[in-house]
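Novice: Predicted structure and sequence below. I'll ask about it afterward.
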2 protein chains.
Amino acid sequence: MSHSNLDLVNQVDGFPYPDSNTDQYLATINTYYQLRIAGHDYALGYMLPSVAEVFRGIPNWQLDDDDRALTLTGGSNAEERSKAIETTLLAMRETGHFKVLNKWRDELYAVYGKGKEVLFNVERSASPLFGVVTYGVHCTAYTKKDGQVKIWTPRRARTKQTYGGMLDNAVAGGIASGESPFESLVRECAEEASLAEELVRSRAVPGGTVTYWYIRDERAGGETNLMQPECQYIYDIELPEDVIPKPGDDEVEEFYLWSVEEVQEAMKKGEFKPNCALVVLDFLVRHGILTSENEKDYIEIVSRLHRRLEFPTL
Amino acid sequence: MSHSNLDLVNQVDGFPYPDSNTDQYLATINTYYQLRIAGHDYALGYMLPSVAEVFRGIPNWQLDDDDRALTLTGGSNAEERSKAIETTLLAMRETGHFKVLNKWRDELYAVYGKGKEVLFNVERSASPLFGVVTYGVHCTAYTKKDGQVKIWTPRRARTKQTYGGMLDNAVAGGIASGESPFESLVRECAEEASLAEELVRSRAVPGGTVTYWYIRDERAGGETNLMQPECQYIYDIELPEDVIPKPGDDEVEEFYLWSVEEVQEAMKKGEFKPNCALVVLDFLVRHGILTSENEKDYIEIVSRLHRRLEFPTL
């Protein structure tokens, strides 16, 4: 099966848009429950009704079926709210309510309010239950040989639980609460590609963000159809020809140095981890390789790579 | 008055977004009339009720107040539709209905359907009456001196009817029906900056699109509050130090070679033509100059520069 670039975008940015006919859009969002916190009258994420239902009657939470909202009532500051959420989630993990909680990471993600303040931190594995916006860094490492761009493309370990054996961006990872995108990048470059800190600090160049609204399928593990709106901070790093990324942990099997054509061929075959394909597309657009002349869906793709998320972001 | 970068975006991308509270958004779009063509059941643009009203009872048009839609019923192919629209617009120009028609350009813009087919062409000056998506090219010319980017920044002639005396992108122009973005760029580079065709063809690099939904104010000329959703194809051209852009017509007063700081200072003061400021922001993001570390509204800005337009695009 051959995937067009727009197919690849549709796989990742799957939540509907409010087109001039807004009926389908409204029907869709009315399916979900909004996640809110007391005193803040806006949605922080969308939850499946089957997920929200589990919070009914639990201390610190209020489920309102008329408003279709789950509100965290416990805690009056970020620390207290985070604690209240953790207490609930730990209990739910014990009782085995949610499969996603079996992959507890002991890593906190921050959720922001309209003033860009941290409202609370939430265990990473639980974030898709709430449908809150999560943040990551993705970095494309490349070299130029005779004026031609070659892209360092890792293959994920086949033993990895999620998207095992698929192709990835050179470096990618989630941003833990309190960490800056750039410091996260420096850390991940060492862990995942054995790139020296000096090299990364002097050569990594930010290139914007890629934002999309992912609806999780079975490949992500755990419950399906959970909402995962994401913001990836994008970096490029041009490596000297003699620098070769090496897997720094057991998450990557091997790095290939591929021509753009080889990368595009693998994308067509659906070999890339879905959100990583979007980062490649963004790279190709920014470097003038994917253009209005060779990509019929150019306008749509460029917009879709930069979705404006409906929830507050950092 | 000092403008933040997000202020500059808000000035140009002014149409509301359907946030998780969609009430305001729906109230807004319900204010307008949709432009449609017979046999195609979707909106091609939004029109002010005061504009749509003028088409009531005119041959080839049908105004439906319940559906809040103005439908072009005349013509069964692009040529016939274009002719029907032209006939109406020429009559309206005669009777002086719309101020925007006083600036008749004798230049046609294409309007596309969901299959990317040309549905009709419309006189450029009339396009904001219908609120259809229009297309242009904007090119940033720059040089690198001692590793520092310097941006060629023209000042529009003070005698220009629209945005006279404001700062602009090095080269910018609308794409006429039938013209490709790149050919449009080559033509405009010669006309507006006296850049040789050879130089442009070998050095101009596409960098994506900037898309936004502009609501016209008095500076645009003619009626205010008309909708102007736009898609700008973006190009960068790095010029050798000895190439100096020169105004090729009387539309530009002078080119400045400015540091990024000088450009940003002028942006803060609101000296740029509003949509050109967005093209500068996109350039600064793509070149790693505007980053998540020096711009607090980074995520919002990057998304807003790439708005997904609700209407079919090319």
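Specialist: That came through fine.
Novice: For the rest of this, base every contact and every neighbour count on C-alpha atoms.
Specialist: Fine.
Novice: And the pLDDT for A:Asn21?
Specialist: On pLDDT, A:Asn21 comes in at 60.
Novice: can you pull the contacts of the most centrally placed residue in chain A?
Specialist: By CA atoms, centre = their mean, chain A has its centre lying nearest to A:Glu230, at 4.0 Å. By CA atoms under 8 Å, 6 or more residues apart in numbering or on different chains, the contact set of A:Glu230 is A:Val133, A:Thr134, A:Tyr135, A:Gly136, A:Thr211, A:Tyr212, A:Trp213, A:Tyr214.
Novice: element containing it?
Specialist: Using DSSP states H and E, A:Glu230 maps to strand A:227-238.
Novice: Would you indicate which residues of that strand are buried?
Specialist: Within strand A:227-238, the residues scored as buried using 16 or more other CA atoms under 10 Å in any protein chain shown are A:Met227, A:Gln228, A:Pro229, A:Glu230, A:Cys231, A:Gln232, A:Tyr233, A:Ile234, A:Tyr235, A:Asp236, A:Ile237, A:Glu238.
Novice: what's downstream of the lowest-mean-pLDDT helix or strand in chain A, the next helix or strand?
Specialist: Ranked by mean pLDDT, DSSP states H and E, the helix or strand of chain A with the weakest confidence is helix A:23-29, at a mean of 79. Using DSSP H and E, the helix or strand that follows helix A:23-29 towards the C-terminus is strand A:33-37.
Novice: What are the contacting residues of that next one?
Specialist: Here strand A:33-37 makes contact (CA under 8 Å, 6+ apart) with A:42-49, A:52, A:68-73, A:130-131.
Novice: max-length helix in chain A?
Specialist: When chain A is parsed with DSSP state H, its longest helix is helix A:78-95.
Novice: how far does stretch A:99-109 sit from the chain's center?
Specialist: Stretch A:99-109 has its C-alpha centroid displaced from the chain centroid by 15 Å (CA atoms, centre = their mean, to the nearest Å).
Novice: ok, which stretches of chain A are helices?
Specialist: With DSSP H as the criterion, chain A has helices spanning A:5-12, A:23-29, A:49-52, A:78-95, A:127-130, A:181-193, A:197-203, A:260-268, A:274-286, A:298-304.
Novice: quick one: contacts of the fourth one?
Specialist: With CA under 8 Å, 6+ apart as the contact definition, helix A:78-95 has outside contacts at A:58, A:60, A:72, A:74-75, A:98, A:101-102, A:118-123, A:126.
Novice: Contact residues of chain A facing chain B?
Specialist: Listed as neighbours of chain B in chain A under the rule CA under 8 Å from any CA of the partner chain: A:18-21, A:42-43, A:181, A:205-209, A:211, A:231, A:285-288, A:291-292, A:297-300, A:302-304, A:306-308, A:310-311, A:313-314.
Novice: May I see the PyMOL selection of the buried members of these?
Specialist: Burial among those is assessed by 16+ other CA under 10 Å; the matching PyMOL selection reads:
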select buried, chain A and resi 18+19+20+42+43+181+205+206+207+208+209+211+231+285+286+287+288+291+292+297+298+299+300+302+303+304+306+307+308+310+311+313+314
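Novice: Which residues does stretch A:202-216 contact?
Specialist: Contacts for stretch A:202-216 (CA under 8 Å, 6+ apart): A:11-15, A:223-239, A:278-279, A:282, A:304-309, B:285-288, B:291, B:298-299, B:302-303.
Novice: Distance check, A:Ala172 against chain B.
Specialist: For A:Ala172, the distance to chain B equals 17 Å [CA to the nearest CA, to the nearest Å].
Novice: is it true that that residue touches A:Thr153?
Specialist: No - in terms of CA atoms under 8 Å, A:Ala172 does not count as a neighbour of A:Thr153; the distance is 11.7 Å.
Novice: Point me to the residue of the stretch 51-200 of chain A nearest chain B.
Specialist: For the stretch 51-200 of chain A, the residue closest to chain B is A:Pro181, as judged by CA to the nearest CA, at 7.8 Å.
Novice: That residue contacts A:Ile175, doesn't it?
Specialist: Yes - using CA under 8 Å, A:Pro181 makes contact with A:Ile175 at a distance of 6.6 Å.
Novice: any residues in contact with both of these two?
Specialist: Shared contacts of A:Pro181 and A:Ile175, defined by CA under 8 Å, 6+ apart, are found at A:Gly136, A:Val137.
Novice: nearest residue to A:Pro245 other than its sequence neighbours?
Specialist: Using CA to CA, 6 or more residues apart in numbering or on different chains and skipping residues adjacent in sequence, the residue nearest A:Pro245 is A:Ala193, 4.8 Å away.
Novice: residues touching that neighbour, list them.
Specialist: A:Ala170, A:Val171, A:Pro245, A:Lys246, A:Pro247, A:Gly248.
Novice: go on, A:Thr224?
Specialist: By CA under 8 Å, 6+ apart, A:Thr224 lies in contact with A:Ile215, A:Arg216, A:Asp217, A:Glu218.
Novice: how's chain A carved up into domains?
Specialist: Annotated domains of chain A cover A:5-13+A:134-304, A:32-130 [automatic domain parsing].
Novice: Just the buried ones from the contacts of A:Thr224?
Specialist: A:Ile215, A:Arg216.
Novice: Return the closest of the contacts of A:Thr224 with respect to B:Val186.
Specialist: Comparing these against B:Val186 with CA to CA places A:Ile215 closest, at 42.1 Å.
Novice: residue ranges with poor pLDDT in chain A?
Specialist: Across chain A, the ranges flagged by pLDDT under 70 are A:20-21.
Novice: Identify the residues contacting the closest residue to A:Arg56 other than its chain neighbours.
Specialist: Nearest non-adjacent residue to A:Arg56, counting by CA to CA, 6+ apart: A:Leu63, 5.7 Å away. Counting by CA under 8 Å, 6+ apart, A:Leu63 makes contact with A:Ala52, A:Glu53, A:Phe55, A:Arg56, A:Gly57, A:Ala69, A:Leu70, A:Thr71.
Novice: can you pick the most crowded of the residues you listed?
Specialist: Most neighbours among the contacts of A:Leu63, by other CA atoms under 10 Å in any protein chain shown: A:Leu70, with 27 neighbours.
Novice: Would you check that it makes contact with A:Val51?
Specialist: No - look at A:Leu70 against A:Val51 with CA under 8 Å: they stay out of range, at 10.1 Å.
Novice: re the thing from before, of the contacts of A:Glu230, closest to B:Tyr25?
Specialist: Using CA to CA, the contacts of A:Glu230 come closest to B:Tyr25 at A:Trp213, 19.9 Å.
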